[in-house]
Structures are given as C-alpha cells and as structure tokens.
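1. please work out how this folds:
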Amino acid sequence: EVQLQASGGGLVQAGGSLTLTCEASGSAYDVIAWFRQAPGKEREGMACINPTDGSTEYARSVKGRFTISSDNAEKRVLLQMNSLKPEDTAVYYCAAGIHWGLGDVLYDYWGQGTQVTVSS
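-> Numbers count the residues shown, from 1 in each chain. The predicted structure follows:
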C-alpha cells in the first residue's frame with residue numbers, strides 16, 4: 001500500500017514560482033508523477049520520475065519551466081514550477097505506480113490534490 005501527500009499549492013502571480021511536494025509512504029512503486037486538472041478539463045500528466053535512477057519525462061506544455069526531482073532519503077518528490085502562467089491554474093495531484101509514462105491510467109495510487117492558482 002502506498003500513501004501520498006501533496007502540498008505546496010497556493011496563489012502566485014504570473015511569472016512567479018511554486019514548489020510542490022509529494023511525500024510517499026510504502027514502497028510498492030517505481031515511478032512518481034505529477035498531474036493536474038483544471039476546471040472543465042481532463043486530467044493531464046505534467047512530469048514523472050523514477051526515484052531510483054533519476055530519469056524524468058515532461059509534458060511539452062511544461063518542459064523547460066517545471067522540474068521534477070526526488071529526495072530519496074525523505075521519500076519526497078518535488079515539482080519546481082517556474083515562469084507560471086494563468087493557464088497553469090489547476091488542482092495538482094501526485095501519483096505512484098510501477099509503469100513509466102504520463103497517462104493517468106498507469107498509476108495505481110493517488111494523493112489528494114493541492115490547488116495552484118496563477119493570477120494575471
């Protein structure tokens with residue numbers, strides 16, 4: 001059983017930065033990813049990481065602005081978000097699973113969401 005706790009959301013002005021944290025308990029996963037869902041839109045994968053080897057993958061919409069990293073000692077995965085835009089406004093979720101990729105069907109465990117609001 002894996003439990004995930006996402007935190008770090010908030011209100012930020014366009015161009016600003018936020019760092020989201022996902023704390024994981026349990027070990028039945030190989031990949032952790034961040035997703036987001038804006039009102040009226042489908043959930044989309046932003047980035048994923050294999051904490052063991054550090055490999056990462058990003059969605060095109062955030063590549064170069066968002067950075068995913070892992071702190072294995074603390075069992076945390078961070079999502080550093082820079083140059084935020086109003087269209088980044090969404091509820092952000094972290095998820096864990098054993099398959100690689102940014103599709104939500106790949107993930108078995110989900111944390112609660114954390115709201116990110118970017119004002120223009």
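
2. what sits against the residue positioned nearest the centre of the chain?
-> Geometric centre of the chain, nearest residue: W34, 2.2 Å, by C-alpha atoms, centre = their mean. Contact analysis of W34 by C-beta atoms under 8 Å, 6 or more residues apart in numbering lists 20, 22, 45-48, 66, 68, 77, 79, 92-95. Every C-beta, even on glycine, is put in place using the N, C-alpha and C of the backbone.

3. please redo it, this time with the cut-off set to 7 Å
-> With contact set as C-beta atoms under 7 Å, 6 or more residues apart in numbering, W34 has these partners: L20, M46, A47, I68, L79, Y92, C94.

4. pick out the most distant pair among these.
-> I68 and Y92 (11.8 Å; C-beta to C-beta).

5. which residues in this structure form strands?
-> For the chain, the strands defined by DSSP state E occupy 3-7, 10-13, 18-25, 31-37, 44-49, 56-58, 66-71, 76-81, 90-97, 109-110, 114-119.

6. give the pairing partners of the last one; include direction for each.
-> What it means is strand 114-119. strand 10-13 (parallel), strand 90-97 (antiparallel) (DSSP bridges).

7. any idea which of those gets closest to Y58?
-> Using C-beta to C-beta, these put strand 90-97 closest to Y58, at 14.4 Å.

8. what's that closest one in contact with?
-> 2, 4, 6, 9, 20, 22, 24, 29, 31-38, 77, 106-111, 113-116.

9. just the buried residues of the residues you listed.
-> 2, 4, 6, 9, 20, 22, 24, 29, 31-36, 77, 106-107, 109-111, 113-114, 116 (16 or more other C-beta atoms under 10 Å).

10. counting neighbours, what do you get for the residue nearest to A38 when sequence neighbours are not counted?
-> Of all residues not flanking A38 in the chain, A90 sits nearest, at 4.1 Å (C-beta to C-beta, 6 or more residues apart in numbering). The number of residues packed near A90 is 22, by other C-beta atoms under 10 Å.
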